[in-house]
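**Q** Pasting the sequence and the predicted coordinates here, then a few questions.
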Amino acid sequence: MKRVLIIAVAAALAATTAFAAWVYEGQWGTEGSGNGQFDWLKGVAIASSGNVYVADAGNIRVKYFTSTGCFLGKWGSLGTGNGQFIWPLGVAVAPNGIVYVTDPGMGNERVQYFTLTGSFLGKWGSLGRGNGQFYDPSGVAVAPNGNVYVSDELLHRIQYFTANGSFLGKWGSRGTGNGQFHEPCGVAVAPGGNVYVADDSNDRIQYFTANGSFLGKWGSRGTGNGQFRYPEGVAVAPTTGNVYVADTFNDRVQYFTRTGSYLGEWGTAGEGPGEFNNPIGIAVAPDTGYVFVVDNRNHRIQYFTAAGAYLGGRGSEGQGKGQFYRPTGVALKNTGTRFYVADYYNSRVQYFKRKEPAVAPASLGRVKALFR
């Protein structure tokens, strides 16, 4: 019997697959208002150069750093003038190097855009219901062609613009019909141009053409396959087009084809590997398809294969290296070799690098099963 087990274990180990692991590399930031300090940091985005841009909401400014955290510059102050903010919340960097910042603070309600070094280029928006006006512009996404999509959350609509802010169109109103929303909070643009929206309070995902024509929807309130409870995050895999959803109040991730056919899910409420407590953000690596999930109340980032096999996690509650306190965002370097985390209450950014190879945990699970 022992000989059979040894042979079986050897065969299982031989069949293991090498997967990447991520290890702590560095951090920067403390609470404060100085260069390299933060207060209520919200958004983080990576430029093609590898520089990191952070929406430092409490300090009412945007800061940017090298890929390893060396301070490069900042811009912004309290006000309504050009380059000023009331509450800079979302930040996105376009492939052409334009930096877009959403400023939903009452009195501004606008989007501003800048060069990579913070020189003011333009702005659009004001408080109101008209074209190009906003009431709580929260999410921002840039399409491959440079158009900018903004989730106008409290007006229950999506608006989109040219790269320099010229109004192109809008869709949505409060309701449950096709193309209507109730507090849309997440927006993602697929490589082909289709737009996916996390219709948070309607517990569903809707998707549209680049100009807002309704294509389809899926989801309803519940815990079954394809159902949701307040989905907050949505991401599209660059290679397959599959759609990944952070099903926040169900403490799981679900994924679908680009047209919404259910493919699978993983996660349940808990603190163990592959379990979640308030998953709020999600990102997909462009090279491997690995899925990174912000496990907010477990104070960690977990990562998985494209099909949901658990690969590992980083973080626990605390202030030490590699620990977090309610992380709010994750951003991936365009090569997928490093990820950055907005460590919200610790007022810092931490980053982790990919290390090759590591043994896939699922393979080890097969070995353990042989001894039961």
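**A** Nice, thanks for sending it over.

**Q** Who are the packing partners of the one helix or strand Phe292 maps to?
**A** Under the criterion of DSSP states H and E, Phe292 resides in strand 291-295. With contacts defined as 3 or more C-beta pairs under 8 Å, 6 or more residues apart in numbering; DSSP states H and E, the packing partners of strand 291-295 are strand 243-247, strand 252-256, strand 279-284, strand 300-304, strand 329-332. The C-beta positions use only the backbone N, C-alpha and C, and glycine is treated the same way.

**Q** what angle separates the helix or strand that the last one is followed by from strand 300-304?
**A** The element immediately downstream of strand 329-332 (helix or strand, assigned by DSSP H and E) is strand 338-343. Between the axes of strand 338-343 and strand 300-304, defined by axes from the mean of the first three to the mean of the last three C-alpha atoms, to 10 degrees, the angle is 150 degrees.

**Q** which helices and strands does strand 338-343 pack with?
**A** On the basis of 3+ C-beta pairs under 8 Å, 6+ apart, strand 338-343 makes packing contacts with strand 18-28, strand 41-46, strand 329-332, strand 348-359.

**Q** would TSV of those with distance to Asp136 and mean neighbour count be doable?
**A** Output for the helices and strands packed on strand 338-343, formatted as TSV (distance: least, C-beta to C-beta, whole Å; neighbours: other C-beta atoms under 10 Å):
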stretch	distance to Asp136	mean neighbour count
strand 18-28	30	17
strand 41-46	14	22
strand 329-332	18	22
strand 348-359	25	18
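
**Q** Mind listing residues that contact stretch 301-316?
**A** 19-22, 24, 237, 240, 242, 253, 255, 264-266, 273-274, 276, 284, 288-295, 298-300, 322-324, 327, 330, 339, 341, 352, 358, 360-362 (C-beta atoms under 8 Å, 6 or more residues apart in numbering).

**Q** how does it look with 7 Å?
**A** With C-beta atoms under 7 Å, 6 or more residues apart in numbering as the test, stretch 301-316 has contacts from 19, 21-22, 24, 237, 253, 264, 266, 273-274, 289-295, 299-300, 322-324, 327, 330, 341, 352, 360-362.

**Q** From the residues you listed, list the buried ones, please.
**A** Listed as buried from the contacts of stretch 301-316 are 19, 21-22, 237, 253, 266, 274, 289-295, 299-300, 322-324, 327, 330, 341, 352, 360; burial here means 16 or more other C-beta atoms under 10 Å.

**Q** related to what we said a few turns ago, report the distance from the strand holding Phe292 to the chain centre.
**A** In terms of C-alpha atoms, centre = their mean, to the nearest Å, the centre of strand 291-295 is set 8 Å apart from its chain centre.

**Q** cool, stretch 303-322 as well?
**A** Centroid separation for stretch 303-322 versus its chain: 15 Å, with C-alpha atoms, centre = their mean.

**Q** got it, and stretch 307-324?
**A** Distance, centroid of stretch 307-324 to centroid of chain: 16 Å (C-alpha atoms, centre = their mean).

**Q** now swap in stretch 116-134 and tell me
**A** 22 Å.

**Q** looking at the helices and strands packed on strand 338-343, which has the lowest confidence?
**A** Confidence, taken as mean pLDDT, is least for strand 348-359 of the helices and strands packed on strand 338-343 (a mean of 84).

**Q** okay, the angle between that strand and strand 338-343?
**A** 140 degrees.

**Q** partners of strand 348-359, with directions?
**A** strand 18-28 (antiparallel), strand 338-343 (antiparallel) (DSSP bridges).

**Q** That one relative to strand 291-295, how many degrees between them?
**A** Put simply, strand 348-359 runs at 130 degrees to strand 291-295, going by the same axes, to 10 degrees.

**Q** Alpha carbons of strand 348-359, as CSV, please.
**A** In CSV, the C-alpha atoms belonging to strand 348-359 read as follows (Å, rounded to 0.1, in the frame of the first residue of the first chain):
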residue,chain,number,x,y,z
ARG,A,348,0.4,54.2,1.8
VAL,A,349,1.0,52.4,-1.4
GLN,A,350,2.5,48.9,-1.3
TYR,A,351,3.8,46.9,-4.2
PHE,A,352,4.6,43.3,-4.9
LYS,A,353,6.6,41.6,-7.6
ARG,A,354,6.1,38.4,-9.5
LYS,A,355,8.4,35.5,-8.7
GLU,A,356,8.6,32.5,-10.8
PRO,A,357,7.8,29.7,-10.3
ALA,A,358,5.6,28.4,-7.5
VAL,A,359,3.7,25.1,-7.3
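
**Q** angle of it against strand 41-46?
**A** Angle of strand 348-359 versus strand 41-46, following the same axes, to 10 degrees, is 50 degrees.

**Q** Pull the residues that contact strand 348-359.
**A** Residues outside strand 348-359 that contact it (C-beta under 7 Å, 6+ apart) are 16, 18-30, 38, 44, 52, 54, 69, 314, 322, 337-343.

**Q** quick one: low-confidence ranges for the stretch 251-372 of the chain?
**A** The model of the stretch 251-372 of the chain has pLDDT under 70 over residues 358-372.

**Q** switch the cut-off to 50
**A** The model of the stretch 251-372 of the chain has pLDDT under 50 over residues 358, 360-372.
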